[in-house]
Every structure is written in structure tokens, then in C-alpha cells.
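A.B. asks: The sequence isn't on hand, but the structure is:
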């Protein structure tokens, strides 16, 4: 597993969400599958766009080896642990976040 923070967060959060939910990637190649695992992506975008700071949101990739096939339960545990680390001490109900899964064919 690899976790990589991305250097985005200053533009329109709706554009970021639309990209993440799109059928194609940045190369124009069709994604193997897109699924909103948790959260409301457009609520997250609305919250981010309401913030007046330059950096309004943060995004990351959690990547797995092609042989890995985590179950939904394992993904839920991972998300919980990542949220605990990133938002330590903040009640999860107070965090505006979404997790979107891309299942690539490779």
C-alpha cells in the first residue's frame, strides 16, 4: 500500500470532484470503475469552496498492488485509521470528507 498526498487544493473543488468521478483519467483512458465509498463528494466541494483561504482542501491517493484486493471491511478500517491520524481528536462527524475508489484494470 502506498499513501501519497497530492499538491492540489487551491482550485475549484467541484472541478476536482468531477474529475475524480469521471469515467476517464488525466490521460483520457477509461477507468476500470469509479465508486463513492463514503461521504458526499459535492458536499465536500461546497464546504471547500466556501473557505476563503488559498489552500481549501487536501487530497491523496491510497494505492494498492494489483494482487491486493482489500475487502470493504478492510477499506473501512483503513479509512478510520487514516482519519484518526489526519484529524486526531476531531469527532469524525465534524469532518467533511469523501473517499472515492478507482478500480483500474491493471
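C.D. replies: Cool, got the structure. It should be emphasised that the depicted structure is a prediction, and the values quoted were computed from it without experimental measurement.
A.B. asks: can you pull out the strands in the chain?
C.D. replies: 2-5, 34-38, 60-63, 99-102 (DSSP state E).
A.B. asks: What ranges does the chain have for its helices?
C.D. replies: 13-21, 41-50, 72-86 (DSSP state H).
A.B. asks: now the angle from the last one to strand 34-38?
C.D. replies: It stands for helix 72-86. Helix 72-86 runs at 60 degrees relative to strand 34-38, counting by axes from the mean of the first three to the mean of the last three Cα atoms, to 10 degrees.
A.B. asks: Over to the shortest one?
C.D. replies: Going by the same axes, to 10 degrees, helix 13-21 is angled at 120 degrees with respect to strand 34-38.
A.B. asks: I'd like the distance from helix 13-21 to the chain centre, please.
C.D. replies: 10 Å (Cα atoms, centre = their mean, to the nearest Å).
A.B. asks: Quick one: list the elements packing against it.
C.D. replies: Using 3 or more Cβ pairs under 8 Å, 6 or more residues apart in numbering; DSSP states H and E, the elements in contact with helix 13-21 are strand 34-38, helix 41-50, strand 99-102. In this view, the C-beta of every residue, glycine as well, is placed from N, C-alpha and C.
A.B. asks: let's see it at 7 Å
C.D. replies: Applying 3 or more Cβ pairs under 7 Å, 6 or more residues apart in numbering; DSSP states H and E, one finds that helix 13-21 contacts helix 41-50.
A.B. asks: By neighbour count, which bits of the helix it packs on are buried? Give me those.
C.D. replies: Residues of helix 41-50 classed as buried under the neighbour-count rule (16 or more other Cβ atoms under 10 Å) are 41, 44-45, 47-48.
A.B. asks: Could you identify which of the helices of the chain has the lowest mean pLDDT?
C.D. replies: Per-segment mean pLDDT for those reaches its minimum on helix 72-86, at a mean of 90.
A.B. asks: ok so, going back, turn the helices of the chain into a markdown table, columns for distance to residue 56.
C.D. replies: Shown next, in a markdown table, are the helices of the chain (distance: least, Cβ to Cβ, whole Å):
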| stretch | distance to residue 56 |
| --- | --- |
| helix 13-21 | 7 |
| helix 41-50 | 5 |
| helix 72-86 | 16 |
